[in-house]
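Undergrad: sequence and predicted structure, then a few things I'm wondering about:
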Amino acid sequence: MRGKIATIITRLEFGGAQLHAIQLCRAFAREGYENILISGVRDYLDEEADRLPHTTHINVLSMVREINPIKDLIALVKIWRILKREKPLAVLTHSSKAGILGRWAAWMAGVPVRIHTVHGFGITPLQGKFTRAILLATEKFTSRITTYFLPVGNETLKKGQSWGIIRRKNYRVVYSGIDLQKFFSVKIDRERKLKELGADPSLPVVGTVACFKPQKAPRDFVKMAAEVLRQTPAQFMVVGEGTLKKEAEELAEKLGIRDKIRFLGWRNDVEEVVATFDVFVLTSLWEGLPRVIPEAMAEGKPVVASAVDGNREAVLDGITGFLVPPGEPGAFAERVVQLLRDRELREKMGKEGRKRAEIFSVEKMENAYIELLKELIP
């Protein structure tokens with residue numbers, strides 16, 4: 001083996017940053033590196049992580065997403081001890097909490113290369129001014145010990161630069177890569193699949209894939225669905241889990257549309273479920289660059305997404321789909337109804353989306369990381 005690479009991520013829930021990290025561990029193993037993968041409380045993708053080739057997966061249970069000074073300190077010390085013992089050539093961090101704790105633990109352990117992939121910043125519009133100020137100061141301070149930044153999109157880079165977090169020339173944009181062939185080649189019996197999902201094959205499908213958390217605004221999706229149903233027949237699917245799922249289900253019940261929305265949870269056949277969609281929707285309030293958009297485009301689905309951060313980079317407004325103001329379910333509904341009523345437009349945008357998806361290939365992502373490691377490792 002060529003040496004060890006440590007990857008640190010807060011939690012292996014089912015999400016873009018998590019799949020990104022797991023894909024990289026596979027690529028590093030193929031390149032001849034031994035992986036040390038450190039994550040927090042066990043979640044959906046942990047079993048997959050346990051089976052990764054040439055990878056030692058370690059759970060640091062004190063590493064949690066919420067700010068908790070005692071647990072954060074314990075996690076910092078535990079990660080430092082692991083890195084001190086394993087002596088990796090480089091540490092790559094993903095997600096905000098792991099990004100802070102992992103880079104400082106690596107610095108304390110004398111790891112010479114500390115790379116942070118910026119999937120997005122932990123500084124969000126829902127936080128108070130004081131919290132935002134503390135988090136921004138922490139990110140700026142941590143940037144001083146960061147060897148290299150890899151933002152997942154140009155919008156994310158611009159935000160990091162405007163906030164003074166990414167200040168030097170130690171960065172390059174690397175899109176989060178997807179296995180395009182997996183999505184290009186999906187073939188299903190749509191009617192049979194819809195029946196399997198408990199859906200009506202005679203109705204168009206509007207769907208999303210997202211965690212039920214504030215960032216993804218699941219209530220807005222439900223409100224959008226209610227507005228669409230006032231104008232045209234349709235049904236809706238949501239693939240995902242999270243703390244706001246019950247709240248979203250209760251809202252659907254309150255609005256009288258519970259029988260029109262299938263809450264499917266996380267599934268191992270996401271690409272087949274998305275293949276049944278006529279329109280893909282993402283109602284996020286903020287984003288880095290969500291993998292689900294290029295995945296949906298690779299399957300030829302027109303996308304209606306909020307005009308925030310990486311969504312603006314992934315979706316070509318009016319060409320591969322539509323961008324609408326975040327937090328406005330009515331605006332989402334207007335574009336969804338337009339697409340449901342215009343099959344020719346759906347097909348045209350779907351074809352353009354398949355072309356657009358090609359820039360998000362997993363091969364490009366893996367090659368970029370491996371080239372950077374070769375440049376930075378002494």
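TA: Done, it's in.
Undergrad: what's the closest residue to residue 157 other than its chain neighbours sitting at in phi/psi?
TA: Distances taken as Cβ to Cβ, 6 or more residues apart in numbering put residue 151 closest to residue 157, at 4.2 Å, once the chain neighbours are dropped. Heads up, the C-betas are built off the backbone N, CA and C, glycines and all. Residue 151 adopts backbone torsions of phi -70, psi 150, taken as degrees, to the nearest 10.
Undergrad: can you give me the neighbour number for residue 151?
TA: By other Cβ atoms under 10 Å, 28 other residues sit near residue 151.
Undergrad: for it, name its beta-bridge partners.
TA: residue 118 (DSSP bridges).
Undergrad: now the helices for the stretch 1-150 of the chain?
TA: 16-30, 46-50, 69-86, 96-108, 129-143 (DSSP state H, counting those that start in this stretch).
Undergrad: now swap in the stretch 151-300 of the chain and tell me
TA: Counting by DSSP H, counting those that start in this stretch, the helices of the stretch 151-300 of the chain are 154-162, 180-184, 190-196, 218-231, 245-254, 270-275, 292-298.
Undergrad: so what pLDDT did residue 198 get?
TA: At residue 198, the model reports a pLDDT of 95.
Undergrad: give the contact list for the closest residue to it other than its chain neighbours.
TA: Nearest residue to residue 198 in three dimensions, chain neighbours excluded: residue 262, at 6.1 Å (Cβ to Cβ, 6+ apart). By Cβ atoms under 8 Å, 6 or more residues apart in numbering, the contact list for residue 262 reads 197, 198, 199, 235, 236, 237, 238.
Undergrad: buried among the residues you listed? Make that a PyMOL selection.
TA: Buried residues within these, by 16 or more other Cβ atoms under 10 Å, are selected in PyMOL with:
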select buried, resi 197+199+235+236+237+238
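Undergrad: from memory residue 83 sits against residue 106, does it?
TA: Yes: using Cβ atoms under 8 Å, residue 83 is in contact with residue 106, at 5.8 Å.
Undergrad: compare the two (neighbour count), which wins?
TA: Taking other Cβ under 10 Å, residue 83 and residue 106 do not tie; residue 106 has more neighbours (28 against 24).
Undergrad: per-residue confidence for the more buried one?
TA: Per-residue confidence (pLDDT) for residue 106: 98.
Undergrad: and it, how far from residue 76?
TA: 11 Å (Cβ to Cβ, to the nearest Å).
Undergrad: and what of residue 23?
TA: Taking Cβ to Cβ, one finds residue 23 at 27 Å from residue 76.
Undergrad: and what of residue 368?
TA: Using Cβ to Cβ, residue 368 is found at 29 Å from residue 76.
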